[in-house]
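Participant: the following comprises the amino acid sequence and a computationally predicted model.
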Amino acid sequence: MGPRCAWCGTDPIYVDYHDTEWGVPDKDARALWEKLILDGFQAGLSWITILKKREAFQAAFDGFEPERIARYTEADVTRLLADPGIVRHRGKIEATIGNARAYLAIQEQEGFDTFLWRYMDGAPLQNEWASMAEVPAETELSHRISKDLKKAGFKFCGPTIVYAFMQAVGMVNDHTTDCFRHQEVKALGR
């Protein structure tokens, strides 16, 4: 094991996330949806905050089962706003309910995984960044995906959120070239 991407620092939660999850190509529709929702909750906050609350989010949102969340009512919104284990933001909570409905529509039409991965022609984009300073916060592609998600009814999915999501789920390999995970994740994308 060699050096890691600089962003993960030494926090054990971040290091584990970096070493096992970040950048690994994920083609499970429900897992992709959950990660997009969590990236939306992260807007304006640090990712470590969301990672530390991930289990609480999963419990509060019924395991991120979109079929259940799509039926949430104002009583559920009130319950979630009172839950100290999650980010209590009415707009993000209400967006999650609407996003569950949008997810179900896409899932029925073509599959959420197919919807997202078609932008990649089935394979992750393999970037070759020497340092985190080179890594963009958003790209032309993240703008396009964001626009299409919004057209499908999603909220809290701007181009920066979408790019962070693309990195997390391995649509792009943004491990820096000096990071030991760069080549490992690259091999997973083949």
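Facilitator: That came through, no problem.

Participant: how far away is Gln109 from Tyr103?
Facilitator: Note on Gln109: its distance to Tyr103, by Cβ to Cβ, to the nearest Å, is 11 Å. C-beta coordinates here come from the backbone N, C-alpha and C atoms, glycine included.

Participant: actually Asn127, not the one I wrote
Facilitator: With distances taken as Cβ to Cβ, Asn127 is found 27 Å from Tyr103.

Participant: compare the two (neighbour count), which wins?
Facilitator: Neighbours were counted for Asn127 and for Tyr103 using other Cβ atoms under 10 Å; Tyr103 has more, 28 against 18.

Participant: wait, doesn't the more buried one sit right on Glu110?
Facilitator: No: using Cβ atoms under 8 Å as the test, Tyr103 is too far from Glu110 to be in contact (11.9 Å).

Participant: list the buried residues in stretch 138-158.
Facilitator: By neighbour count on 16 or more other Cβ atoms under 10 Å, the buried set for stretch 138-158 is 138-139, 141-142, 145-146, 148-149, 152, 154-158.

Participant: what's the answer for stretch 58-66, then?
Facilitator: 60-61, 64, 66.

Participant: just the buried residues of stretch 138-158: which are in helices?
Facilitator: Counting by DSSP state H, the part of those found in helices is 141-142, 145-146, 148-149.

Participant: and the longest helix seen in the chain, what other elements does it pack with?
Facilitator: Looking across the chain with DSSP H, the single longest helix is helix 90-109. Here helix 90-109 touches helix 29-42, helix 66-69, helix 74-81, helix 112-117, going by 3 or more Cβ pairs under 8 Å, 6 or more residues apart in numbering; DSSP states H and E.
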